[in-house]
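Asker: can you look at this prediction? I've put the sequence above it.
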Amino acid sequence: MRPARHTRRARTWAAAAGIALLAGSLAACGGDAEDTASTSNDGPAAADGKLATALKPLDAYPVPTEKLDKAGSIAGKTIFYIPITKQAPQFTTTEKTLAAAVKAAGLRLQVCDGKGTPTEIGGCIGQATDAKAAAIIADAIPYGLAANGFDAAQKAGIPVVISNQVPDPAHPASKTLTWIPVPGTEQQIRIFDWIAADAKGKANILVNQSSDGPSPAAYVTGGEAALKKSCPDCKLTVNKVTSSNFALVPSSTSAALLKDPSINYVDAQFEQYLQPTQGGVQQTSRTDIKVVTGSASLGGLKALKSGSLAAVTAQAAAFQGWVDTDAALRLIVGQPVPEYNIPTRLFTKDNIGDVKLTEEAELAGEWFGPATYTDDFKKLWGVA
């Protein structure tokens, strides 16, 4: 990858490196080091403009233009996909499209569930290394959570793609390692923008922020910085939750709401926290609170349409499966990995009626733009 890219990201995320990586983690959505800079708001007018754009689909997906050389030389090999846990619906979508992309490229896919624990994750990486995998795609796994395994895999000549994570400056991209972040900060800003507009600048927000790894905190920090500019009178309270202890999410949510009865919006940062978050709201018997969530899948969008959610953000997890494959293929054949952009979109009652809420539509990626990117990738790989 380009040295300038490494330096820029390492400098931007130096502060994030000090955040502790927790065992038994689920960092569901990654983020780009450039999110905050590229999406910061100067005030309400800027926020309103970006909010309107966030509601619309893309005219076209941002597919790379650099062709893949020597693709035929790696046919028949196996790529390992290791999600931090298959509990998150988003990873199911990525897994299915990864399978389609890997097959199109003439390779095989092996999936190993990290189950949210360092032991299982390390076991999966070890399995891939022992099997002499062509590449490892690790989804939402902080490098520090499985450093020994990632180091050993690269030492054995197996390239590693880490998706959905803040790039770790201690482990910069190289010929055997690349990072594919997604705009988690962008999602957080857009959901806060919507809340501020819906509340007419007087929102009191409780966010159930994942404390698993460095990424979730970085997203909320970026979102809060933008919120202070676009909505000076809005208040934000952070309630830290963890995937390793879902049972405590309802009680911690209700406790925060009872402590501050003026809270009128609750944000479950990622959809896997949505159900226990809603359980906590229900424990208070309050019906005036609007609930939102990020990294939504088909279930979240259906909940929005039914009225049980007020707004959601989502990332193009189907497109990400093809991006992850593209990055892995380039590392395998020794080509530079390009910059990638994973689209996101805001969904509310204003645009959900135009969205086809089916698994087929989700897997096609048509919620975010024209679903022609699969053919575009195949042409890049010379298999169309």
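Answerer: Good, I have the coordinates.
Asker: mind listing the strands for the stretch 51-200 of the chain?
Answerer: 78-83, 108-111, 135-139, 160-163, 177-180 (DSSP state E, counting those that start in this stretch).
Asker: just put those in JSON lines and tack on distance to residue 97.
Answerer: C-betas here are computed from N, CA, C, even on glycine. Below are the strands of the stretch 51-200 of the chain laid out as JSON lines (distance: least, CB to CB, whole Å):
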{"stretch": "strand 78-83", "distance to residue 97": "11"}
{"stretch": "strand 108-111", "distance to residue 97": "11"}
{"stretch": "strand 135-139", "distance to residue 97": "12"}
{"stretch": "strand 160-163", "distance to residue 97": "12"}
{"stretch": "strand 177-180", "distance to residue 97": "14"}
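Asker: may I see the ones you listed arranged in CSV, with mean neighbour count, mean pLDDT and distance to residue 220 as well?
Answerer: Output for these, formatted as CSV (neighbours: other CB atoms under 10 Å; pLDDT from 0 to 100; distance: least, CB to CB, whole Å):
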stretch, mean neighbour count, mean pLDDT, distance to residue 220
strand 78-83, 26, 97, 22
strand 108-111, 16, 98, 30
strand 135-139, 29, 97, 21
strand 160-163, 28, 97, 20
strand 177-180, 25, 97, 20
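Asker: so which of those strands comes closest to residue 169?
Answerer: strand 177-180 (10.6 Å; CB to CB).
Asker: that older thread, out of the strands of the stretch 51-200 of the chain, nearest to residue 101?
Answerer: Nearest of the strands of the stretch 51-200 of the chain to residue 101, taken as CB to CB: strand 108-111 at 8.7 Å.
Asker: now for the closest one, which elements pack on it?
Answerer: strand 78-83, helix 89-104 (3 or more CB pairs under 8 Å, 6 or more residues apart in numbering; DSSP states H and E).
Asker: tell me which other helices or strands the longest one touches.
Answerer: This points to helix 89-104. Using 3+ CB pairs under 8 Å, 6+ apart: helix 89-104 touches strand 78-83, strand 108-111, strand 135-139, helix 317-333, helix 359-364, helix 373-381.
Asker: so which of the strands of the stretch 51-200 of the chain comes closest to residue 276?
Answerer: Short answer: strand 78-83, nearest of the strands of the stretch 51-200 of the chain by CB to CB, at 20.3 Å.
Asker: list the buried residues in stretch 241-253.
Answerer: 241, 242, 243, 244, 246, 249, 250, 252, 253 (16 or more other CB atoms under 10 Å).
Asker: which one among these gets closest to residue 79?
Answerer: Nearest to residue 79, judged by CB to CB, of the buried residues of stretch 241-253 is residue 243 at 25.5 Å.
Asker: now do the phi/psi pair for the closest one.
Answerer: phi -70, psi -20 (degrees, to the nearest 10).
Asker: what about it, distance to residue 111?
Answerer: Separation of residue 243 from residue 111 (CB to CB, to the nearest Å): 19 Å.
Asker: now swap in residue 366 and tell me
Answerer: 24 Å.
Asker: next one, pLDDT for residue 44 please.
Answerer: The model reports residue 44 with a pLDDT of 64.
Asker: returning to what we had before: of all the helices and strands packed on strand 108-111, which lies closest to residue 60?
Answerer: Comparing the helices and strands packed on strand 108-111 under CB to CB, the one sitting nearest is helix 89-104, at 17.7 Å.
Asker: buried ones in the closest one?
Answerer: Using 16+ other CB under 10 Å as the test for burial, helix 89-104 gives 89-102, 104.
Asker: what is the nearest of these to residue 76?
Answerer: residue 102 (11.3 Å).
Asker: just give me the neighbour total for residue 350.
Answerer: Using other CB atoms under 10 Å, residue 350 has 12 other residues around it.
Asker: now stretch 201-215: mean pLDDT?
Answerer: 92.
Asker: measure residue 170 to residue 181 for me?
Answerer: For residue 170 relative to residue 181 (CB to CB), the value is 16 Å.
Asker: so which of those two has more stuff around it?
Answerer: residue 181 (25 against 12).
Asker: so, low pLDDT: which residues of the stretch 101-250 of the chain?
Answerer: For the stretch 101-250 of the chain, no stretch is flagged by pLDDT under 70.
Asker: residue ranges of the helices in it, please?
Answerer: Using DSSP state H, counting those that start in this stretch, the helices of the stretch 101-250 of the chain run over 118-130, 147-155, 184-198, 215-230, 249-259.
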